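**Q** Pasting a predicted model and its sequence here:
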Amino acid sequence: MSPTTTTLRQCEIPGGPQSVVVRHYSLAAVAEMEVDFRAALPSEGPYAIGVSVELAPVGLCVIQTMSLALRDHVFCLSLQQPPSPVQSRALQKLFSNILYLAGFELSYTIVLLAHTLDSDVSGYDLSTLTISAKPRDLTTPGDFLNRMNPSVTARLVNERWDGVTRIRDPDSLGMPDPNYALRAWFTAIAANLALSELRLGQHLSTKFVDKPMLRCFVDLATRAIRIDMLKPRIMENDFDQVQRTPDGSLTVENARFKTRIRASHQTRLEVHLANGDIVGARIRGANGRHSSAVAERAFREGISRIRVIGREERTNAQQAQYRFLLFSLTNARDVPLFVNVVWFPENTEAAECDEEIDLSCDHASRILVKLNHSQSNVVAAMASTAPRDSLVIAHGPPGTGKTTTIAAAASIWVNRRLPCWIVAQSNVGVKNIAEKLFKEKVAFKLIVSKDFLFEWYESNSTSRKPSVPTLI
C-alpha cells in the first residue's frame, strides 16, 4: 500500500523551511518506509534526524505513531500492534542508517523505542544540550531555537509544539493537541542548526540498561508523558482584583494562593477586556497571592477574564526523575543505592546491621500501645536494622493512620537520639506530619520554603496561626 501524504507549514522559525511533505506509512509497509527513508538521506553528511513518538492510549503497543524527520522530509509510521520479528528487523535496519538521532526529552523517547524495536537505541537529547537560564531546567524547543537563531520567538515555537494554536477556542479546556510529525520536523531543524554542538554533546543509549531496568523505565516514561499530556495549556485564573499602572504593569491579586499565577518563562497571560479586546502580558513573578506582569500595551478598559497560556515548568521532583533517567542512559554502572533498593532490590547488597532498637523500653511501649496491629508492625519494620527492612512502604486509604505511624517511628528514633529526616513531595504532606509531631510533643525543626507559609496560612482560618517552630 502506497503511503498517504500531507503537508506541514510553519512560520515560527525564520530562515527554516516553510513547508514539508509528510509521508504516512502503516506497519505493514515498514519495509517500503525503510527504503524511502534511506533514499531521502543526504548524500553528504553529517546530518541529524529528528524523532518524536505518540503514545498509544491503550493496548499492547506502547507507541501509536513514530515520526522521523530531516529538514525537508518527514516519515510517520503507525503502530497499531507490536511489530512482528520481520517488521522489527526492518525498523532496526532503518535506525542503523541514522548517525545522529536527536530529540527533545529524548530519554523518554529512546526507552520507548528500544522496547518497541526490541533493540538498543542511541541518540542526543537537545533538552540538555545547552545551558538554560536555570541550570537544572530542561531546555524547551522554543528556547533552544532562540539560542541558535535570535529571530525565533520561543513562545510561538513552544505553543505550536504543544498544539496550543489549535485549541484557541475561548471555551476550550486547553488540553494539549500536538502534531507529532511537526515535533519531529522542528527537532530536525533545531538539531541541524546545532550540529557541531550536537556532536560534542552527551550520547544516550539503552545499551547501558538491562531488560528489567528497561521495563521499569518504559513505565516511568509512559506515566511521565501521560501526566504531562493531562496538564492543560490554557488555564483560567480566578482573581479578586487587578491593579494597573500607566506603563502597562499589572499586579494581579489571585483569589487563592494555591492557584496563583506562577512565574514562568514558558507561560504568558491573555487579559480579556470588557470591550472584547485581548491584550497579552508577560509574567514577571509572584509574591504570596500577588502576581506581577507587564502588558503588551497600556489599556483603560475593565478586565473581565485572565487566562494563562502555555506549559508551566516541570516540578523539582519531575526534573530529578528525568535527570536520573538521563544519568542511567549515559552510564548505569553507578546507580544510587536508594534507587536500587526501591526498584532493583536484587542488585542491592545486604548492609551490615546496626544495633537493633529495643521496642520493649518504656518510651517505645507507650508509643506502640496507642497503635493498632498493622501500625505497630510498620513501626517495628521502620525501627528494624535488618537488610530486608532497609525500605519500608506503608500504604493505605485516607484515615488508616499513615501519618500517625510515621510520627510514632520518629518519636522512637528521637528518644534514642538517632538522626531522623522526614521529607515530603508536597507542602500538604509536610504540614500534616508537622502538625502530628507537634501534637505528639516530638521535638523537630521545620525547613520549608516561603510558599509553605503562605499555603499554611491560607489553609487555616485567619484566627489560627502556625503553632510549629519554623526555620526558613
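**A** Ah, there it is.
**Q** use CA for all of it now, contacts and neighbours both
**A** Will do.
**Q** Please name the nearest non-neighbouring residue to Ile98.
**A** In space, and not counting its chain neighbours, Ile98 is closest to Ile49: 6.9 Å by Cα to Cα, 6 or more residues apart in numbering.
**Q** Then Ser376?
**A** Leu368 (6.0 Å).
**Q** do you know how far that neighbour is from Ala380?
**A** When Cα to Cα, to the nearest Å is the yardstick, Leu368 and Ala380 sit 9 Å from each other.
**Q** Give me the more crowded residue out of these two.
**A** Leu368 (21 against 17; other Cα atoms under 10 Å).
**Q** so that one makes contact with Ser374?
**A** No - Leu368 lies out of contact with Ser374 (Cα atoms under 8 Å); the separation is 10.9 Å.
**Q** Show me the contact partners of stretch 110-130.
**A** Stretch 110-130 has contacts (Cα atoms under 8 Å, 6 or more residues apart in numbering) with 61-63, 82-83, 88, 91-92, 95, 100-107, 138-141, 144, 191, 197-198, 201-207, 214-215, 217-218, 221.
**Q** same deal with stretch 273-290?
**A** 251-257, 260-265, 267-272, 291-297, 301-305, 451, 454.
**Q** what about the closest residue to Ala409 other than its chain neighbours, distance to Glu435?
**A** Leaving aside its sequence neighbours, Ala409 sits nearest to Val379 (Cα to Cα, 6+ apart; 5.5 Å). To Glu435, Val379 is 19 Å away according to Cα to Cα.
**Q** These two: which is more packed in?
**A** Applying other Cα under 10 Å to Val379 and Glu435 shows that Val379 carries more neighbours, namely 23 against 16.
**Q** mind listing what that one touches?
**A** Neighbours of Val379 in contact, by Cα under 8 Å, 6+ apart: Thr405, Ile406, Ala408, Ala409.
**Q** Just give me the closest of these to Gly310.
**A** Ile406 (38.6 Å; Cα to Cα).
**Q** What is the neighbour count of that closest one?
**A** The burial count for Ile406: 19, using other Cα under 10 Å.
**Q** Kindly confirm my reading that it forms part of a helix.
**A** Yes - counting by DSSP: H, G, I helix; E, B strand; the rest coil, Ile406 is part of a helix.
**Q** And the pLDDT at it?
**A** Looking at Ile406, its pLDDT stands at 91.
**Q** List the residues that contact it.
**A** Contacts of Ile406 by Cα under 8 Å, 6+ apart are Val379, Ile433.
**Q** Now the helix or strand where Ala286 lies: average pLDDT?
**A** For Ala286, the enclosing helix or strand under DSSP states H and E is strand 278-287. Taken as a whole, strand 278-287 has a mean pLDDT of 89.
**Q** switch to numbering from 52
**A** Happy to do that; since the first residue is 52 now, the last one works out to strand 329-338.
**Q** mind listing what's buried in that strand?
**A** Val330, Gly331, Ala332, Arg333, Ile334, Arg335, Ala337, Asn338 (16 or more other Cα atoms under 10 Å).
**Q** show me where the stretch 252-401 of the chain has strands.
**A** Assigned by DSSP state E, counting those that start in this stretch, the strands in the stretch 252-401 of the chain fall at 254-256, 285-287, 290-295, 300-305, 318-324, 329-338, 341-346, 354-361.
**Q** Walk me through which strands the fourth one pairs with, and which way each runs.
**A** Pairing partners of strand 300-305, with direction, according to DSSP bridges: strand 290-295 (antiparallel), strand 341-346 (antiparallel).
**Q** what does the fifth one give?
**A** Looking at strand 318-324 with DSSP bridges, its paired strands and their directions are strand 329-338 (antiparallel), strand 354-361 (antiparallel).
**Q** try the first one
**A** Using DSSP bridges, the strands paired with strand 254-256 in its sheet are strand 173-176 (antiparallel).
**Q** Name the next helix or strand downstream of the strand it pairs with, please.
**A** Next helix or strand after strand 173-176 toward the C-terminus (DSSP H and E): helix 192-199.
**Q** so how far is that following helix from its chain's centroid?
**A** 19 Å (Cα atoms, centre = their mean, to the nearest Å).
**Q** Need the contact partners of the helix or strand that comes right after that helix.
**A** Heading C-terminal from helix 192-199, the first helix or strand you meet, by DSSP H and E, is helix 205-213. The contact list for helix 205-213, computed with Cα under 8 Å, 6+ apart, reads 63-64, 191-194, 196-197, 216, 227-230, 233-234, 284, 317-318, 361.
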